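Undergrad: Let me see the structure of the following:
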Amino acid sequence: RLYCCGKLATTMFAGLTELGISNGEDLKETLTNCTEPLKAIELFQTENGILLPSLQSALPFLDLHGTPRLEFHQSVFDELREKLLERISAIAGEGKDEDRYTKLEELLEKSFPLVKMPSLQPVVMCVMKHLPKVPEKKLKLVTADKELYRACAVEVKRQIWQDNQALFGDEVSPLLKQYILEKENALFSNDISVLHNFFSPSPKARRQGEVVQKLTHMIGKNVKLYDMVLQFLRTLFLRTRNVHYCTLRAELLMSLHDLDITEICSVDPCHKFTWCLDACIREKFVDNKRARELQGFLDSIKKGQEQVLGDLSMILCDPFTINTLALSTMRNLQELVNQDALPRDSSDLLLLLRMLSLGQGAWDMIDSQIFREPKLEVEVVTKFLPLIMSFIVDDYTFNVDQKLPSEERAPITYPVTVPEMLSKLMQDNRVACELGLYYVLHISKQRNKNALLRLLPALVETYNDMAFSDIFLHLLTGNLTLLSEELGSEEFCNVLFDGFLLTSFSSKDNVHRHTLRLLVHLHHKVVPSKLEFLKKVLEPTKQSSDAVKELYNQLCEKVDQQKPSPVTEAPSLDLPLHAVPTPVTL
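TA: Residues are numbered from 1 along each chain as shown. The predicted structure follows:
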């Protein structure tokens, strides 16, 4: 151990010799070869102490007060180091670039041999931090030493990362995993509410998240690092199909926009498009003016620039963007019903469909490297959307009829079947499926029980099982809190659970989790016999995830707490009367 400590000390203080300053090894050699050790020590102190004549008389005075020389020298050293750090920062901010960088480079050359000395390392790191280009040789020495690499500022690390993609990837990877985990945790949150859901936070608030802020700081103004992060996101999106990477791509760009990093924003061709879209997401609606701007960006892509469509499609694939486009489409359809117009006559609606189609086709486009806008099937505009509009009319007609006095009501029954064309398009076309699911979310938020009972069975088979995606189930469970009283109906429970959720829970862990989330929150509203049945059916297997098992245990605990305590027989109030003797007469 002593040998190792000695070697470590030798390494740490080796730089002093290069600067002509004596170190511990020199003192050891002096003491080994001298005849009078005390005189040798005194001479060493004089030669290597603070060369200030007035100090010579002050030091014995400190000795009389019991202040160790080490403590005195350490305090002077700390003070000088702070002054030096302040001076370095001042040099970095004054004069012409060429002059100040020359001074800093000279200072780095002199101080770098001391970089492994813990007490002087901050000085060396400060000099490197303020240099826009640290000499490559020194960067390599820092990169090779893990301790030095950890100690250097992010400004220096950026210079290392831009030529070392693997090392940068190692730094970024844990942050990307953390980001995805945070999104998944939000979707599976135990708090089920229609008011506070996955899409509730504003774009600005989301960008303040830890991961986005760290990535923004790591990138700084370095275009090369920004491009690397985008490449990581594209690669991971292709590998996993996880749309949250698309969200991060947009959030990162807008975070740099917030900081006015023009060096990056000006070279990203998606900047203005994303900026405009960000305003739409904030309002949760694409108005006429912004629709024209977005269309202008898409139409301005010239021949030879088609590759931009890959990045634009990723931004449009962001769930927050899809949510905004789909909600805007629903509003447009309602307006068309009021105007007695058809979907094909609305340019705004066609633009929304165009962007939805581009976003939904992001993975295919990046995977195939064929940068061409996917064609929207005519049937979506001419058949599917008119069907949705007919549902809106059915709802309106039925609601108006129910409000009339009983003697004036027409014998209208609410439709219970779904046209075959609607089911077919929701199975074959992803844009139609997305819009169909958002219509279901719309009617559930309107507390429209009849429409929900009509459409839920049609969601068992959808394009790529989109009806069983986490985002849709998260929103649906939140909206169902508005229909909580309906869970007391056997018919409603049968359609919701047996006719929809239970059709795939055994093969899809996420559906199992969302079903349990709903029951943990609303179990007290469910028909008791149905609740017992659901408890048996939803019991986890050995293969179930820990999250499912934990939710199931929570459900069982809550159900048990709800059960009334067993009635115990009250003690009898009839007490036996004991014979009392007659008092003796005095």
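
Undergrad: On the three-state scheme, S200 is what?
TA: coil (DSSP: H, G, I helix; E, B strand; the rest coil).

Undergrad: And for it, the neighbour number?
TA: Neighbour count for S200, taken as other CB atoms under 10 Å: 11. All C-beta spots, glycine's among them, are computed from the backbone N, C-alpha and C.

Undergrad: And the helices in the stretch 301-450 of the chain?
TA: Applying DSSP state H, counting those that start in this stretch to the stretch 301-450 of the chain gives helices spanning 308-317, 319-339, 347-360, 362-368, 378-379, 385-403, 420-428, 430-445, 449-455.

Undergrad: ok, of those helices, where does mean pLDDT dip lowest?
TA: Across the helices of the stretch 301-450 of the chain, helix 385-403 has the smallest mean pLDDT, namely a mean of 87.

Undergrad: which residue packs closest to E434, ignoring adjacent ones?
TA: A326 (6.0 Å; CB to CB, 6 or more residues apart in numbering).

Undergrad: tell me, what residue is most central in this protein?
TA: Nearest to the mean C-alpha position of the chain, by CA atoms, centre = their mean, lies Y179 at 3.8 Å.

Undergrad: I figured that residue hits V211, correct?
TA: Yes. Between Y179 and V211 there is a contact at 4.2 Å, judged by CB atoms under 8 Å.

Undergrad: hey, what's in contact with both of the two?
TA: Taking CB atoms under 8 Å, 6 or more residues apart in numbering as the contact rule, Y179 and V211 both touch L248.

Undergrad: Kindly reformat the helices of the stretch 301-450 of the chain as JSON lines containing mean neighbour count and distance to A467.
TA: Shown next, in JSON lines, are these (neighbours: other CB atoms under 10 Å; distance: least, CB to CB, whole Å):
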{"stretch": "helix 308-317", "mean neighbour count": "23", "distance to A467": "18"}
{"stretch": "helix 319-339", "mean neighbour count": "19", "distance to A467": "14"}
{"stretch": "helix 347-360", "mean neighbour count": "21", "distance to A467": "15"}
{"stretch": "helix 362-368", "mean neighbour count": "17", "distance to A467": "19"}
{"stretch": "helix 378-379", "mean neighbour count": "12", "distance to A467": "20"}
{"stretch": "helix 385-403", "mean neighbour count": "16", "distance to A467": "16"}
{"stretch": "helix 420-428", "mean neighbour count": "17", "distance to A467": "8"}
{"stretch": "helix 430-445", "mean neighbour count": "22", "distance to A467": "6"}
{"stretch": "helix 449-455", "mean neighbour count": "20", "distance to A467": "10"}
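
Undergrad: Would you tell me which of the ones you listed gets closest to K83?
TA: helix 308-317 (48.9 Å; CB to CB).

Undergrad: quick one, that closest one and helix 319-339 angle?
TA: 80 degrees (axes from the mean of the first three to the mean of the last three CA atoms, to 10 degrees).

Undergrad: Please tell me how far helix 308-317 is from the chain's geometric centre.
TA: Computed by CA atoms, centre = their mean, to the nearest Å, the chain-centroid distance of helix 308-317 equals 19 Å.

Undergrad: what helices or strands is it leaning on?
TA: helix 223-240, helix 244-258, helix 271-283, helix 319-339, helix 347-360, helix 362-368 (3 or more CB pairs under 8 Å, 6 or more residues apart in numbering; DSSP states H and E).

Undergrad: can you list these in TSV and add distance to G296?
TA: Output for the helices and strands packed on helix 308-317, formatted as TSV (distance: least, CB to CB, whole Å):
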stretch	distance to G296
helix 223-240	24
helix 244-258	19
helix 271-283	9
helix 319-339	17
helix 347-360	11
helix 362-368	21
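
Undergrad: so how many other residues sit close to L487?
TA: By other CB under 10 Å, the residues close to L487 number 22.

Undergrad: where's it relative to C276, distance?
TA: Distance, L487 to C276, by CB to CB, to the nearest Å: 42 Å.

Undergrad: and what of V431?
TA: In terms of CB to CB, V431 sits 21 Å off from C276.

Undergrad: got it, and D470?
TA: In terms of CB to CB, D470 sits 28 Å off from C276.

Undergrad: Same question for C493.
TA: 45 Å.

Undergrad: More neighbours: which of these two?
TA: A side-by-side neighbour count of C493 and C276, using other CB under 10 Å, places C493 first with 21 against 18.

Undergrad: name the helices or strands packed onto the helix or strand encompassing the residue nearest to the centre of the chain?
TA: Element membership of Y179 [criterion: DSSP states H and E] is helix 165-187. Counting contacts by 3+ CB pairs under 8 Å, 6+ apart, helix 165-187 packs against helix 154-161, helix 210-219, helix 223-240, helix 244-258, helix 470-480.

Undergrad: Which of those helices has the highest mean neighbour count?
TA: helix 244-258 (a mean of 23; mean count of other CB atoms under 10 Å).

Undergrad: for the record, mean pLDDT for it?
TA: 98.

Undergrad: List every C-alpha atom in stretch 181-198, with coordinates, as CSV.
TA: Only the C-alpha atoms of stretch 181-198 are listed here, as CSV (Å, rounded to 0.1, in the frame of the first residue of the first chain):
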residue,chain,number,x,y,z
LEU,A,181,-38.6,5.5,-19.3
GLU,A,182,-40.1,8.8,-18.2
LYS,A,183,-42.6,8.8,-21.1
GLU,A,184,-43.6,5.2,-20.3
ASN,A,185,-44.1,6.0,-16.7
ALA,A,186,-46.3,8.9,-17.6
LEU,A,187,-48.5,6.7,-19.8
PHE,A,188,-48.8,4.1,-17.0
SER,A,189,-49.3,6.7,-14.2
ASN,A,190,-51.6,5.6,-11.4
ASP,A,191,-53.3,9.0,-11.6
ILE,A,192,-56.1,8.6,-14.1
SER,A,193,-57.8,11.8,-15.0
VAL,A,194,-59.4,13.4,-18.0
LEU,A,195,-57.9,16.8,-17.1
HIS,A,196,-54.3,15.8,-16.5
ASN,A,197,-53.1,13.3,-19.0
PHE,A,198,-50.0,12.5,-21.1
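
Undergrad: average pLDDT across it?
TA: 93.

Undergrad: which parts of that stretch are buried?
TA: By neighbour count on 16 or more other CB atoms under 10 Å, the buried set for stretch 181-198 is 183, 186-188, 192, 197-198.

Undergrad: These: which two are farthest apart?
TA: Largest separation among those by CB to CB: K183 and I192, giving 17.0 Å.

Undergrad: what's the distance between T247 and N323?
TA: Applying CB to CB to T247 and N323 gives a distance of 11 Å.

Undergrad: any weak-confidence spans in the chain?
TA: Along the chain, segments meeting pLDDT under 70 span 1-23, 51-52, 54, 56-57, 407-412, 564-586.

Undergrad: So which of the helices and strands packed on helix 308-317 is nearest Y463?
TA: Among the helices and strands packed on helix 308-317, helix 347-360 comes nearest to Y463, with 9.3 Å by CB to CB.

Undergrad: what angle sits between the closest one and helix 319-339?
TA: 150 degrees.

Undergrad: A153: what's it in contact with?
TA: Counting by CB under 8 Å, 6+ apart, A153 has contacts 125-126, 128-129.

Undergrad: switch to 7 Å and redo it
TA: Counting by CB atoms under 7 Å, 6 or more residues apart in numbering, A153 touches 125, 129.

Undergrad: Dihedrals phi and psi, K303?
TA: phi -60, psi 130 (degrees, to the nearest 10).

Undergrad: Please tell me how far it sits from A451.
TA: Relative to A451, K303 is positioned 46 Å away (CB to CB).

Undergrad: I am assuming D509 contacts S545, so please confirm or correct that.
TA: Yes. Under the criterion of CB atoms under 7 Å, D509 makes contact with S545 at 5.3 Å.

Undergrad: ok so, going back, could the helices of the stretch 301-450 of the chain go into a markdown table alongside distance to C270?
TA: Conversion of these to a markdown table gives the following (distance: least, CB to CB, whole Å):
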| stretch | distance to C270 |
| --- | --- |
| helix 308-317 | 5 |
| helix 319-339 | 12 |
| helix 347-360 | 12 |
| helix 362-368 | 13 |
| helix 378-379 | 29 |
| helix 385-403 | 29 |
| helix 420-428 | 30 |
| helix 430-445 | 22 |
| helix 449-455 | 36 |
